[in-house]
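S.K.: coords please:
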Amino acid sequence: MSTTASDGIKTMFAYRFKPDSVDPVKEEVSVPTIASDEVLVQVLASGVCHSDLSVLNPNNPVNHAMKSALRAPGFTMGHEGAGKRS
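M.R.: Down below sits the predicted model:
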């Protein structure tokens, strides 16, 4: 069995890195569908840390293949989040 947000919300906003953009772009994306052994968290705050920024920095020595994989089709920035269970 899978589910979406308990309040029926089907979309959310995310800042994503797009291959054709220098800066992250605010996009409306689908709320993830979760399995019965997972929880859905409504993110109330999220930080962008050094590893996120390294993907954006063209002078960073991070492996080019890794950057390419993260950039296509879109990479949602931020992974240090705080929120509540939906």
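S.K.: Setting aside sequence-adjacent positions, which residue approaches residue 12 most closely?
M.R.: Spatial nearest neighbour of residue 12, chain neighbours left out: residue 31 (5.4 Å); criterion: CB to CB, 6 or more residues apart in numbering. C-beta: built from backbone N, CA, C; applies to glycine.
S.K.: Could you tell me how far that neighbour is located from residue 42?
M.R.: Computed as CB to CB, to the nearest Å, the residue 31 to residue 42 distance reads 9 Å.
S.K.: One more: residue 27?
M.R.: Going from residue 27 to residue 42 by CB to CB gives 17 Å.
S.K.: again, but for residue 75
M.R.: For residue 75, the distance to residue 42 - CB to CB - is 21 Å.
S.K.: So which of those two has more stuff around it?
M.R.: Higher neighbour count among residue 75 and residue 42: residue 75, with 19 against 15, using other CB atoms under 10 Å.
S.K.: Tell me how many other residues crowd the residue lying closest to the more buried one once chain neighbours are set aside.
M.R.: Beyond its immediate neighbours in the sequence, the residue positioned closest to residue 75 (CB to CB, 6+ apart) is residue 17, lying 4.4 Å away. Neighbourhood size, residue 17 [other CB under 10 Å]: 20.
S.K.: Does residue 17 touch residue 24 like I think?
M.R.: Yes: using CB atoms under 8 Å, residue 17 makes contact with residue 24 at a distance of 5.4 Å.
S.K.: So residue 27 is in contact with residue 14, correct?
M.R.: Yes: counting by CB under 8 Å, residue 27 touches residue 14, with 5.9 Å between them.
S.K.: Compare neighbour counts for the two and give me the winner.
M.R.: When residue 27 and residue 14 are compared for neighbours, residue 14 comes out ahead with 18 against 14, by other CB under 10 Å.
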